[in-house]
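Return atomic coordinates for the entry below.
(chains A, B, C and D)
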2 protein chains.
Amino acid sequence: MALLFYSDGFMKNLTETQKNILNYIIYQKTKAGITPTLAEIANKFGYKNRATVQQHLQAIERKGFLKRKPKLSRSLELNIQDKFFVSTPVIGEVAAGNPLTIYPDSIDTVQLPTIAYFPNDSFLLKVKGDSLKDAFIFSNDVVIVNPNSEVKNGKFVVAILNDAAVVKRYYKTDGKIELRSENPEYQTIRIDENFPAFSLVGVVIGIYRSLERQN
Amino acid sequence: MALLFYSDGFMKNLTETQKNILNYIIYQKTKAGITPTLAEIANKFGYKNRATVQQHLQAIERKGFLKRKPKLSRSLELNIQDKFFVSTPVIGEVAAGNPLTIYPDSIDTVQLPTIAYFPNDSFLLKVKGDSLKDAFIFSNDVVIVNPNSEVKNGKFVVAILNDAAVVKRYYKTDGKIELRSENPEYQTIRIDENFPAFSLVGVVIGIYRSLERQN
DNA sequence: TATTTTGCCATACAAATGTATGGCATTATT
DNA sequence: AATAATGCCATACATTTGTATGGCAAAATA
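Take a look at the predicted model:
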């Protein structure tokens, strides 16, 4: 089962403001597909001056979450990949937003790539482990997840349950939700649709598999 | 045997220069993660002036492959998704290189997500049939084929044999070529490497599978 | 042949962009 | 209590950036 949890933990050293700015940058970079300028960030947060943003970025960079390329516009680089694997995950509510992070000891791990360009509102998860092998989705496959796609019975979904994220097949009947694995080694999860610790992240709309560097 | 068809040729209306520039933009946007500026494009192609690039971009936009956002830096948007769909596939003999022959009864459309990096020299094929199902490549999967990638034993290749295209696993020993299916229902093809009706098209470097419109 | 498209350059300009510096109030940390 | 970090603003400046315009030659098209 793919375990993952919502941000916050790995942003521990960041202040609230810095977190918000970093999240905005991640959002723009991954979902809108364009890195914001200082002016755009300032505008987003209501700052009257770019220098304010400038200083926040310097702080975020100092803490190792960003890489700034001097003089280059829209050149902010995220440096959070190694921050995904956190030993002490923070358990909180799973709101919309980025990024998802991973339990290091989970059987399956999912990694949210930060560099890929996303044309629409989707994002990517890299599958680790074999819980979906019987659905012909394998470790290192990249699944494309859309949070706004209609959830239908039989579709693969990414869901968060008890602060753990899973990729499973979705079935709903009479308010009861079933999350089935294709691999019989993993048990089907049955919950009520109003179960508080449950939330749907999105629908898996595609799979990408690289055969190039596979060994 | 897997019947497939070619789904490139979508840049047909573009000139060579425009193609190169568009490819560079796609590459930077998807791989490097940042949309280039006019100056960067000019520098890449050795232009002494940004206006040259400016005019090329206008041309590319006029042909519908780009969307420029006025005054906004690094804001080029790709508009190539619908260009992947070829309404009238070319039906002809199978020549070396592009375009490939299309079987009239296998007409379909393919949409490649922009997140999957698409090398300049690669093209897409949609898999038809189940000869590769035991390799977990299924009908309607889209394979990304590179004609310049090194062919090694065990790799999936696209080959043309007697005017029919196949996707199979490649093995070569002593001038003898074996094309193996993973599905035992399909026999292994054994030919001499100089067999006239045989030609290698390329190596499968990636797979894309859509789960969206699957019914 | 005439016309359009393509390809490249030069100059010019307003706006955008990243950066530097100084200031000041509030909040954490030691 | 003293010090450091955070948060925000203002001004200033050199480049960068997209854009507009004009010019010219080669290639494609009508």
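
What parts of chain A come near DNA strand D?
A:15-18, A:45-52, A:55-56, A:59, A:71-73 (CB under 7 Å from any atom of the strand). (Each C-beta comes from the backbone N, C-alpha and C, glycine too.)

Export stretch A:68-75 to PDB, keeping only CA atoms.
C-alpha atoms of stretch A:68-75 as PDB (Å, rounded to 0.1, in the frame of the first residue of the first chain):
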ATOM      1  CA  ARG A  68      17.900  31.000  -7.200                       C
ATOM      2  CA  LYS A  69      19.700  31.600 -10.500                       C
ATOM      3  CA  PRO A  70      21.100  35.100 -10.300                       C
ATOM      4  CA  LYS A  71      19.600  37.600 -12.700                       C
ATOM      5  CA  LEU A  72      17.600  35.000 -14.500                       C
ATOM      6  CA  SER A  73      13.900  35.600 -14.600                       C
ATOM      7  CA  ARG A  74      11.500  32.900 -13.600                       C
ATOM      8  CA  SER A  75      14.400  30.700 -12.800                       C
END
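
Stretch A:43-63 near DNA strand C anywhere?
Yes. Shown here: stretch A:43-63 in contact with DNA strand C (CB under 7 Å from any atom of the strand) through A:50-51, A:54, A:57.

That stretch and chain B, are they touching?
No. Counting by CB under 8 Å from any CB of the partner chain, no contacts exist between stretch A:43-63 and chain B, the nearest distance being 12.9 Å.

Please identify the buried residues of that stretch?
A:47, A:52-53, A:56-57, A:59-60, A:63 (16 or more other CB atoms under 10 Å in any protein chain shown).

Kindly present those residues as JSON lines, with separate columns for secondary structure.
Output for the buried residues of stretch A:43-63, formatted as JSON lines (DSSP: H, G, I helix; E, B strand; the rest coil):
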{"residue": "A:Tyr47", "secondary structure": "coil"}
{"residue": "A:Thr52", "secondary structure": "helix"}
{"residue": "A:Val53", "secondary structure": "helix"}
{"residue": "A:His56", "secondary structure": "helix"}
{"residue": "A:Leu57", "secondary structure": "helix"}
{"residue": "A:Ala59", "secondary structure": "helix"}
{"residue": "A:Ile60", "secondary structure": "helix"}
{"residue": "A:Lys63", "secondary structure": "coil"}
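
out of these, which one sits closest to DNA strand D?
A:Tyr47 (3.5 Å; CB to the nearest atom of the strand).

Model confidence for the closest residue to the closest one other than its chain neighbours, exactly?
Computed as CB to CB, 6 or more residues apart in numbering or on different chains, the closest residue to A:Tyr47 that is not its neighbour in sequence is A:Val53, at 6.1 Å. A:Val53 carries a pLDDT value of 95.

Name all residues that make contact with A:Val53.
A:21, A:38-39, A:41-42, A:45, A:47 (CB atoms under 8 Å, 6 or more residues apart in numbering or on different chains).

just A:Leu179 next, same as before
Contacts of A:Leu179 (CB under 8 Å, 6+ apart): A:157, A:159, A:161, A:166, A:168-171, A:188-191.

Which strand or helix spans the residue lying closest to A:Ser75 once chain neighbours are set aside?
Of all residues beyond its chain neighbours, the one nearest A:Ser75 is A:Lys69 (3.9 Å), with distances taken as CB to CB, 6+ apart. Following DSSP states H and E, there is no helix or strand that holds A:Lys69.

Please report how far A:Lys69 lies from A:Arg190.
50 Å (CB to CB, to the nearest Å).

again with A:Lys29
38 Å.

Those two: who's more crowded?
A:Lys29 (24 against 12; other CB atoms under 10 Å in any protein chain shown).

Tell me how chain A divides into domains.
A:10-78, A:85-208 (automatic domain parsing).

Lowest average confidence across those domains, which one?
domain A:85-208 (a mean of 58).

coming back round to it: and the contacts of A:Val53, which are buried?
A:21, A:38, A:41-42, A:47.

what about A:Lys152, which helix or strand?
A:Lys152 belongs to no helix or strand, assigned by DSSP H and E.

Quick one: residues contacting it.
A:Tyr170.

separation between it and DNA strand D?
41 Å (CB to the nearest atom of the strand, to the nearest Å).

do the same with A:Asn43
From A:Asn43 over to DNA strand D (counting by CB to the nearest atom of the strand), the distance is 11 Å.

which residues sit against the helix or strand hosting that residue?
Using DSSP H and E, A:Asn43 falls within helix A:38-45. For helix A:38-45, the external contacting residues (CB under 8 Å, 6+ apart) are A:20-21, A:24-25, A:28, A:36, A:47-50, A:52-54, A:57.

switch to 7 Å and redo it
A:21, A:24, A:49-50, A:52-54 (CB atoms under 7 Å, 6 or more residues apart in numbering or on different chains).

swap in stretch A:55-69?
Contact partners of stretch A:55-69, identified using CB under 7 Å, 6+ apart, comprise A:13-14, A:17-18, A:21-22, A:75-80, A:83.

Give me every residue in chain A lying close to DNA strand C.
A:37-40, A:50-51, A:54, A:57, A:68-75.
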